[in-house]
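Asker: model the structure of this input:
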Amino acid sequence: MTNVTLFNPANVPAFARNNEMSDTAKALTGGMSAPTKRLSIKGGVFRLLANGKEIGAVDERHLDVIVVKAAPKISRIFYMAKYDPDNHAAPDCWSNDGERPDPAAENKQALTCISCPQNEAGSGNGNSRACRYQQRLAVVLANNPEGDVLQVTLPATSIFGKEDAEKRPLQAYARYLAMQNPPINPEQIVTRMRFDTTAEAPKLFFQPMRWLTDKEYEVVQRQANTTEANRAVVMTVAQADGVKPLALAGKPPAAVEAEFETPKAKKAKVEPTNDDSEPEVRKTSAKPSAVPEKKTKLADIVADWDES
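Answerer: As a prediction, the model looks like this:
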């Protein structure tokens, strides 16, 4: 029996389906954690990454997936400075619920998101806000629902906006499904994500393709309860790629909180960034290797993952 057959997700016994790394496994691997895999749309291309390393890219301008889980609220993320390849760093501040900075954010900009100066129009590029909206999803590939759960982080342009015929951003797509008779839940169908080829920055539209089979739906329900799915909807891109947030220079947390007791926090100078694109992940590891020239077909990429 080959490794591919032995470790195929379809052959995993019931007791191992929700596995996490045990103390024994961590001890023997030098303390490494289970890799987080995600699907990036950077540069208008579907890119598959594991712990920040690019595994490959997909030639097609669309990708069929099944949404297994979604973050209950839209998140926020803020970078103080423009991306600098020579000065890697994690986000300065972020919020998982869009209401308050995450406790782990070490450079909080305000006590609440609504009172934050980075949430004001004009704090970013043009009339935009420096702090950007994001929606995190956990998906599986439609042709391999028992395979890896992937994180997808969508920018504001892929979340909001009105539908135009079959062109629907995420929220318009979800409303469209809910209006059907009977209402359709995203985790019950195959969804096609496709790029808006007229947009300057990466932007996705969503389209229903078909109902899942009964067997596929059982798999999706199981995938939704995995550790990987739960992590996908709460981790920032930087956390998923293993980038640790920077500590404030010499400032203890109490001193930072004291700054927010004033009527309004001092507005930080923010370099203009493209609000529509996926956030640049600033990391301390070496640059990822180039995309494999010949392995750009989705089946080849997935096969590589199964063998690793």
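Asker: what residue ranges in the stretch 51-200 of the chain score low on pLDDT?
Answerer: The model of the stretch 51-200 of the chain has pLDDT under 70 over residues 83-89.
Asker: which residues in it form strands?
Answerer: Along the stretch 51-200 of the chain, the segments classed as strands by DSSP state E, counting those that start in this stretch run 53-58, 62-70, 75-78, 93-95, 132-141, 150-155, 189-195.
Asker: got those as JSON lines, with distance to Gln207 and mean neighbour count columns?
Answerer: From N, CA and C alone the C-beta is placed, and that goes for glycine too. Converted to JSON lines, these look like this (distance: least, Cβ to Cβ, whole Å; neighbours: other Cβ atoms under 10 Å):
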{"stretch": "strand 53-58", "distance to Gln207": "17", "mean neighbour count": "18"}
{"stretch": "strand 62-70", "distance to Gln207": "8", "mean neighbour count": "22"}
{"stretch": "strand 75-78", "distance to Gln207": "24", "mean neighbour count": "24"}
{"stretch": "strand 93-95", "distance to Gln207": "30", "mean neighbour count": "24"}
{"stretch": "strand 132-141", "distance to Gln207": "14", "mean neighbour count": "24"}
{"stretch": "strand 150-155", "distance to Gln207": "15", "mean neighbour count": "24"}
{"stretch": "strand 189-195", "distance to Gln207": "4", "mean neighbour count": "20"}
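Asker: any chance of a markdown table for these, columns distance to Ala240?
Answerer: As requested, those are exported to a markdown table (distance: least, Cβ to Cβ, whole Å):
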| stretch | distance to Ala240 |
| --- | --- |
| strand 53-58 | 12 |
| strand 62-70 | 14 |
| strand 75-78 | 13 |
| strand 93-95 | 12 |
| strand 132-141 | 10 |
| strand 150-155 | 6 |
| strand 189-195 | 18 |
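Asker: Thr236 is nearest to which of these?
Answerer: Of all the strands of the stretch 51-200 of the chain, it is strand 93-95 that lies closest to Thr236, at 5.5 Å by Cβ to Cβ.
Asker: who does the closest one touch, helix- and strand-wise?
Answerer: If you count contacts as 3 or more Cβ pairs under 8 Å, 6 or more residues apart in numbering; DSSP states H and E, strand 93-95 packs onto strand 75-78.
Asker: contacts for the strand it packs on?
Answerer: Contact with strand 75-78 is made by 91-98, 109, 113, 118-119, 130-136, 236, 279, as judged by Cβ atoms under 8 Å, 6 or more residues apart in numbering.
Asker: pull it out as PDB, backbone CA atoms only.
Answerer: Coordinates of each C-alpha in strand 75-78 appear next as PDB, following Å, rounded to 0.1, in the frame of the first residue of the first chain:
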ATOM      1  CA  SER A  75     -13.200  41.300  10.700                       C
ATOM      2  CA  ARG A  76     -10.900  44.400  10.500                       C
ATOM      3  CA  ILE A  77      -7.200  44.600   9.900                       C
ATOM      4  CA  PHE A  78      -4.800  47.600  10.000                       C
END
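Asker: partners of that strand, with directions?
Answerer: Here strand 75-78 is paired, per DSSP bridges, with strand 93-95 (antiparallel), strand 132-141 (antiparallel).
Asker: what about the helices in the stretch 101-250 of the chain?
Answerer: Using DSSP state H, counting those that start in this stretch, the helices of the stretch 101-250 of the chain run over 156-159, 170-178, 214-224, 227-232, 237-240.
Asker: tell me which of those helices sits nearest to Leu39.
Answerer: Nearest of the helices of the stretch 101-250 of the chain to Leu39, taken as Cβ to Cβ: helix 227-232 at 9.9 Å.
Asker: mind listing residues that contact the closest one?
Answerer: Outside helix 227-232, the residues that touch it by Cβ under 8 Å, 6+ apart are 18, 20, 34, 36-38, 68-69, 136-138, 148-152, 223, 240.
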